[in-house]
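*Asks:* The following block contains a protein sequence and its predicted model.
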Amino acid sequence: MAEIVRQAEDVLPRLKALEPRIRRVLRRTRELVPLDRVQEMDRASMRWLVRQPGRNIAERAGASQRILATVRRENFDTPENRALHAYVRLASDVAREWMQEHPRAKASKRYMEVDAFGRFCKTFSRMLAELEVRVADTGIVPNYVLMQDPGYRAIYEAWRRLLEEDKVLDDLWAWQAETWTDFAVLAMVLAIDELEESELVAQSPIVWRAEASLGRWFEQDRPIAVFWLKNTGRIVEVQARPEAPGTLLALARAHVSLRITDISRAELPRRVAVWTPHTMERFDLSQAVLRANDRLAEIQPFGQTEVLRNGLILTPSHGQFEKHSATSPRTHVDAIAFEAFGDGLRSGLEAIRAFARSEIYRAGP
């Protein structure tokens, strides 16, 4: 359940209970007050009075019969109300974004609750603006009311949770390349798992973190998955960010690889380099696959204890599925641009599955 949906259920009753009793303070100001209504004067107002012409107070009050005096006025611009104002503005924006992202849920109860919550927050924000309540900064230190008053404390905690949701999105934007690599690894695991004879014999446990660390959202041992192809007699390992990548994989600058072992033949295990570049815009995939293939051809003389001749590029397609390949006498590289959802993801998984078949069932080193 999205945080804004949860708050639409839990926080809305608290907001409605808080609306008629929002805190106010009486602050002293100096104003011209009719003589019969003067209740308090301070030093500044008395100095003003003695400077006025006249022999007595009535004459000094002039034709309007008003003098400068101290009055107390209600003021709503308190720290707790500023935090409340900041919350209802943020909640209104988040509710609107959630409804735009879920247009198919218009007939659902959740959609109607979020809609009502967003409209109430928008009206509440307008009322606080009319009362001249400013908007609090995100880094404020909570005062006694925000910590001890049940209503204000619930609003403050809900505000912090919405801000944390924004922080998650900020982290995703900041670490898109790392997040895309994690996504590509999981896509490869799913594609190999769907092969007809593939059997998952070992998988490292994936531990999801509460927040990203250096762009990574989960932890796992290496390799992340080991598949046994029972009819072909081969073992396929999916390795992500290996601690000891080997000479060829390090020279290829690839963070992900497939390791294919044929248990029936006394040959070195084959590696397949997997690059996961992430860009904000489409780039020339046909040129990228040629450069990657040239790179593999250049590093072949260093392969004394391992075999790495083929590679795969996985990159976001930005709306248009794309596939290219490049071949030389000893090396081959495929490139696939696909989406993270919908038909683009389906086409990408099919292309990854086809590449995995070609590598797994390929004869020879």
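*Replies:* Sure thing, it's come through. Numbering: from 1, shown residues only.
*Asks:* average model confidence for stretch 58-71?
*Replies:* Average pLDDT, stretch 58-71: 82.
*Asks:* ok, now stretch 335-342?
*Replies:* Stretch 335-342 comes out at a mean pLDDT of 90.
*Asks:* can you check stretch 249-256 too?
*Replies:* 90.
*Asks:* What segments of the stretch 101-250 of the chain are helices?
*Replies:* When assigned using DSSP state H, counting those that start in this stretch, the helices of the stretch 101-250 of the chain occupy the ranges 109-130, 144-148, 150-174, 176-193, 247-252.
*Asks:* So for residue 314, which of those sits nearest?
*Replies:* Comparing those against residue 314 with Cβ to Cβ, the closest turns out to be helix 176-193 (4.4 Å). No exception for glycine: its C-beta is placed from N, CA and C like everyone else's.
*Asks:* what's near enough to touch residue 152?
*Replies:* 18, 23, 80, 83-84, 145-146 (Cβ atoms under 8 Å, 6 or more residues apart in numbering).
*Asks:* quick one, phi/psi of the spatially closest residue to residue 33 that is not a sequence neighbour?
*Replies:* Ranked by Cβ to Cβ, 6 or more residues apart in numbering and with sequence neighbours excluded, the top spatial neighbour of residue 33 is residue 69, at 4.3 Å. Dihedral pair for residue 69: phi -140, psi 170, per degrees, to the nearest 10.
*Asks:* Go ahead and confirm residue 69 touches residue 41.
*Replies:* Yes: in this structure residue 69 lies within contact range of residue 41 using Cβ atoms under 8 Å: 5.2 Å.
*Asks:* who has more neighbours, the two?
*Replies:* residue 69 (22 against 16; other Cβ atoms under 10 Å).
*Asks:* residues touching the nearest residue to residue 201 once chain neighbours are set aside, list them.
*Replies:* Nearest residue to residue 201, sequence neighbours excluded (Cβ to Cβ, 6+ apart): residue 228, at 4.6 Å. Residue 228 sits next to 198-201, 235 when contact means Cβ under 8 Å, 6+ apart.
*Asks:* Give me the buried subset of those residues.
*Replies:* The neighbour count (16 or more other Cβ atoms under 10 Å) marks 198, 235 as buried among those.
*Asks:* for the contacts of residue 228, which one is nearest residue 319?
*Replies:* For these, the nearest to residue 319 is residue 198 (30.9 Å; Cβ to Cβ).
*Asks:* pLDDT score for the residue nearest to that closest one when sequence neighbours are not counted?
*Replies:* Ranked by Cβ to Cβ, 6+ apart and with sequence neighbours excluded, the top spatial neighbour of residue 198 is residue 227, at 4.9 Å. Each residue has a pLDDT score; the one for residue 227 is 89.
*Asks:* Would you mind confirming that residue 227 makes contact with residue 260?
*Replies:* No: counting by Cβ under 8 Å, residue 227 does not reach residue 260; the two are 9.9 Å apart.
*Asks:* So for those two, which sits in the more crowded spot?
*Replies:* residue 227 (26 against 22).
*Asks:* Let me see the contact set for that one.
*Replies:* Residue 227 neighbours (Cβ under 8 Å, 6+ apart): 192-193, 195, 198-201, 235-238.
*Asks:* swap in residue 238?
*Replies:* With Cβ under 8 Å, 6+ apart, residue 238 has these contacts: 185, 188-189, 192, 223-227, 256, 258.
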